[in-house]
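[1] Quick check, what structure comes out for this input:
(one chain, ligands or ions: 1)
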Amino acid sequence: MGFSTDAIHAGQEPDPATGAITVPIYQTSTFVQEELGKHKGYEYARTANPTRVALERNLAVLERGKFGYAFASGMAAINAVMTLFKAGDHVLAGHNLYGGTFRLFERVLRNFGLTFSYVDTSRLEDVQKAIQPSTRLLLIETPTNPVMEITDIAAVGGLAHAHNVLLAVDNTFMSPYLQRPLELGADIVIHSTTKYLNGHSDGVGGCVILNDLALAERLKFIQNAAGAILGPFDSWLVLRGVKTLAVRMERHNQNGMAIALFLAAHPKVKSVHYPGLPSHPQHELARQQMAGFGGMLAFETGSLENAKKVLKAVRLCSLAESLGGVETLISHPATMTHASVPAEDRRRIGITDGLVRISVGIEDVEDLIADLEQALATL
Ligand SMILES: *Cc1c(COP(=O)(O)O)cnc(C)c1O
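    Next up, the predicted model:
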């Protein structure tokens, strides 16, 4: 089946009890058994809940994977993946990871004996050099937030596998509509469903998709044992959001490109980071690896003062963290999402004080451009 058909139907049979076309919210903690050992496949809702199972099947199909597991947040999903490993194991990760992931690694998981190091994963030779004998996992994000660096998933996957290292891709920025890492050789795909998958800025969640049976069984065991599951109502919200993923992503692509072009041509804008622009240093790789360039971009205003002015002047774009929703959000990475990154490291990864990030929504693009136009006019 095609992607849109799967998005609407995969994992979702009409409800066996009533014929309801929409998977019901099974708001229950337990399931009555007919006799000892005889039940309908559900016993206790931490282990399995029909609404969550429908979502897990749906997301697995969209990522073209065999197994899916839904968690209480993107961070809970990443934490569950990390507990596949043990003290002494080394994890190699991108040098510009989502801040919450970096915080989990450095301030929580280090205490349990996992070791971490960070590398620019867009540079294959650097990745090669950074792999250690104890390395078990390579975790990447592509594109990165907010400077939109691209990593060649197939190439780093080949490198990882040559050293018996698993490749995990946090695919939150792209969604499976625009990029499917498992098809490119990744072993594990992670999402914050909070972003594009749910898409409506009204829920927090996460998921993990994989193909290997042994790894999947271990992760399912961890999901039940540690218990950071996605609840039935939140699972239902993501199921509902995903039905329109394809049409939303098409509009995010169109609006993202239109705004990138507008900003690139604006005299007050010094530079624009968007993989869809031919000026992006990895534009060719982006074209090969991604089915569209998405709705995330960042642009340089030149100074903290200028960034402040723009963020104060916008009216339609909302000043907020997060991304991937239908509404356009604008933010200042240096003081918001990346505030915990030391200034020196921020400079190294290109997050200047004048950088402004936009999660381009699906409003009428003329209205968004008019808003940015009047905000830039204050400079
Ligand atoms: C938001 C985000 C996360 C964390 O997800 P939560 O749902 O907020 O816990 C992880 N990775 C990326 C790339 C994100 O954007």
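
[2] interface residues of the stretch 1-150 of the chain facing the ligand?
    With the criterion set to Cβ under 6 Å from any ligand atom, the stretch 1-150 of the chain comes near the ligand through 73-75, 98, 100-101, 141. Bear in mind the C-beta positions are built from the backbone N, C-alpha and C, glycine included.

[3] Among these, find me the one that's closest to residue 257.
    residue 141 (21.2 Å; Cβ to Cβ).

[4] Run through the residues that contact the residue nearest to that closest one when sequence neighbours are not counted.
    Spatially, and ignoring its direct neighbours in sequence, residue 141 is nearest to residue 170 (4.6 Å; Cβ to Cβ, 6 or more residues apart in numbering). Counting by Cβ atoms under 8 Å, 6 or more residues apart in numbering, residue 170 makes contact with 74, 78, 97-98, 101, 139-141, 190-192.

[5] For residue 170, give its distance to residue 286.
    As judged by Cβ to Cβ, to the nearest Å, residue 170 and residue 286 stand 17 Å apart.

[6] how many other residues sit next to residue 85?
    17 (other Cβ atoms under 10 Å).

[7] Am I right that it sits in a helix?
    No - using DSSP: H, G, I helix; E, B strand; the rest coil, the assignment for residue 85 is coil, not a helix.

[8] ok, it touching residue 139?
    No - using Cβ atoms under 8 Å, residue 85 makes no contact with residue 139, being 11.0 Å away.

[9] Common neighbours of these two, please.
    With Cβ under 8 Å, 6+ apart as the test, residue 85 and residue 139 both reach residue 91.

[10] Is the nearest residue to residue 328 once chain neighbours are set aside part of a helix or strand, or is it coil?
    Leaving aside its sequence neighbours, residue 328 sits nearest to residue 361 (Cβ to Cβ, 6+ apart; 3.8 Å). For residue 361, the assignment made with three-state DSSP gives coil.

[11] From residue 272, how far out is residue 361?
    Separation of residue 361 from residue 272 (Cβ to Cβ): 18 Å.

[12] Looking at the two, which one has more neighbours?
    Counted by other Cβ under 10 Å, residue 361 and residue 272 do not tie: residue 361 has more neighbours, with 25 against 22.

[13] Contacts only, for that one.
    Counted by Cβ under 8 Å, 6+ apart, residue 361 has contacts 252, 255, 295, 325-329, 368.

[14] Swap in 7 Å and give it another go.
    With contact taken as Cβ atoms under 7 Å, 6 or more residues apart in numbering, residue 361 is in contact with 325-328.
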